[in-house]
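>>> Can you look at this prediction? I've put the sequence above it.
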Amino acid sequence: MTAEVLAAAAPALEESLAEAFRLLSRGVADRRHGFHTPTLATIGLDGAPQARTLVLRGFEAATRTLRLHTDARSGKVAELEADPRAQLHLYDAGAKVQLRLSGRAALHGGDAVAEAAWQGSRSFSRLCYAIEPGPGTPVTAPPPAPMDAEAGRPVFRVILLRFDRLEWLHLAASGHTRARFDWGPDDARRSGWLVP
């Protein structure tokens, strides 16, 4: 690739990253946005991939950190405790943009991070963590909906996923574009185009 082509592509790379961050922020704020319900992939305890949909609750661009909530009794908590590597997949059908964010997850429960998230949650959302028995438990019939929004507080967990890789894919009739952004241990960023 010539220096002229690299120079011409550089602004587009920066624009792609800026748009990715804008869409992540919008996914937090707009519950109808495609990025509001991403898919979290973890490494199962049996070594097989596991994927599930969560709600994107927060995004801090400066630290590349996403916030999600979960139940301590869920399989993903045990998986992240065993291996904190995770990937988040997001797709916005309107913008035709897919993101894959890879990084390490930190779990928070019973600390200031979890308390702030709990206080910022609506009562309706808190009810999700009050279900008995815990998520994934085999039952003979669906359990009744919980009524006490505070009952789930002991099992409420926050997942903070700090990503060190972002893959951007934009689908367009004029030609798809795909880019990858990697941050090293010193937060130095490398970026470049990939074949879609």
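Received it, and whenever you're ready, just let me know what you need.

>>> And the residue most central in space within the chain, its phi and psi?
Centroid-nearest residue in the chain, with Cα atoms, centre = their mean: L88, separated by 4.4 Å. For L88, the backbone dihedrals (degrees, to the nearest 10) come out as phi -110, psi 130.

>>> just checking, it touches R162?
No: if you go by Cβ atoms under 8 Å, L88 and R162 don't touch, sitting 11.1 Å apart. Heads up, the C-betas are built off the backbone N, CA and C, glycines and all.

>>> list residues touching both of the two?
Common contacts of L88 and R162 (Cβ atoms under 8 Å, 6 or more residues apart in numbering): L66.

>>> returning to that earlier point: separation between the residue nearest to the centre of the chain and L66?
L88 sits 6 Å away from L66, taking Cβ to Cβ, to the nearest Å as the criterion.

>>> and for the two, which residues touch both?
Here L88 and L66 have L101, L161, F163 as joint contacts, going by Cβ under 8 Å, 6+ apart.

>>> can you redo those residues as JSON lines with secondary structure and neighbour count?
JSON lines is the format used below for the shared contacts of L88 and L66 (DSSP: H, G, I helix; E, B strand; the rest coil; neighbours: other Cβ atoms under 10 Å):
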{"residue": "L101", "secondary structure": "strand", "neighbour count": "23"}
{"residue": "L161", "secondary structure": "strand", "neighbour count": "24"}
{"residue": "F163", "secondary structure": "strand", "neighbour count": "23"}
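
>>> now, among the residues you listed, which is nearest to S123?
Nearest to S123 out of those is L161 (Cβ to Cβ; 25.6 Å).

>>> what residues are up against that closest one?
L40, T65, L66, R67, L68, A86, L88, L101, G103, R104, A105.
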